[in-house]
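In: What follows is a predicted structure for the sequence shown.
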Amino acid sequence: MRARYLSLTPRLGHKKAIIAVAAAMLRTVYHMLKDGTFYQDLGPDYRRPKNPQRAANNLAKRIRALGVNDHGNGTPDFHRKGTPC
């Protein structure tokens with residue numbers, strides 16, 4: 001639950017993240033009582049990307065879509081797509 005809270009806080013803010021986690025806890029307790037099962041924590045790494053290389057490639061693609069080019073020398077070239085450099 002802590003990992004879920006930490007992932008939601010930057011987008012939603014403290015109060016809404018707490019409400020979202022509380023709602024998730026309520027759903028979990030409901031299903032535990034309904035099915036007669038026990039809680040099994042998925043662990044802090046559950047929400048991490050399974051393939052970090054794929055995540056890095058997707059981020060690089062998104063950066064290029066914004067119009068940032070890296071010419072291999074470590075200095076990015078910022079320009080809008082469709083405009084001459």
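Out: Good, I have the coordinates.

In: Show me how the chain divides into domains.
Out: 1-48, 51-85 (automatic domain parsing).

In: And the helices in the protein, which stretches?
Out: Remark: helices assigned in the chain by DSSP state H are 2-12, 14-35, 52-65.

In: Quick check: which of those helices is nearest to Leu42?
Out: For Leu42, the closest of these is helix 2-12, at 8.6 Å, according to C-beta to C-beta. Yep, even glycine has a C-beta here, placed from its N, CA and C like the rest.

In: Check which helices and strands the closest one sits against.
Out: Here helix 2-12 touches helix 14-35, going by 3 or more C-beta pairs under 8 Å, 6 or more residues apart in numbering; DSSP states H and E.

In: and the helix it packs on, average pLDDT?
Out: For helix 14-35, mean pLDDT rounds to 94.

In: Determine the number of other residues adjacent to Met1.
Out: 12 (other C-beta atoms under 10 Å).

In: what's the neighbour count on the closest residue to it other than its chain neighbours?
Out: Nearest in space to Met1, with sequence neighbours left out and distances taken as C-beta to C-beta, 6 or more residues apart in numbering, is Val21 at 5.6 Å. Val21 is flanked by 17 other residues according to other C-beta under 10 Å.
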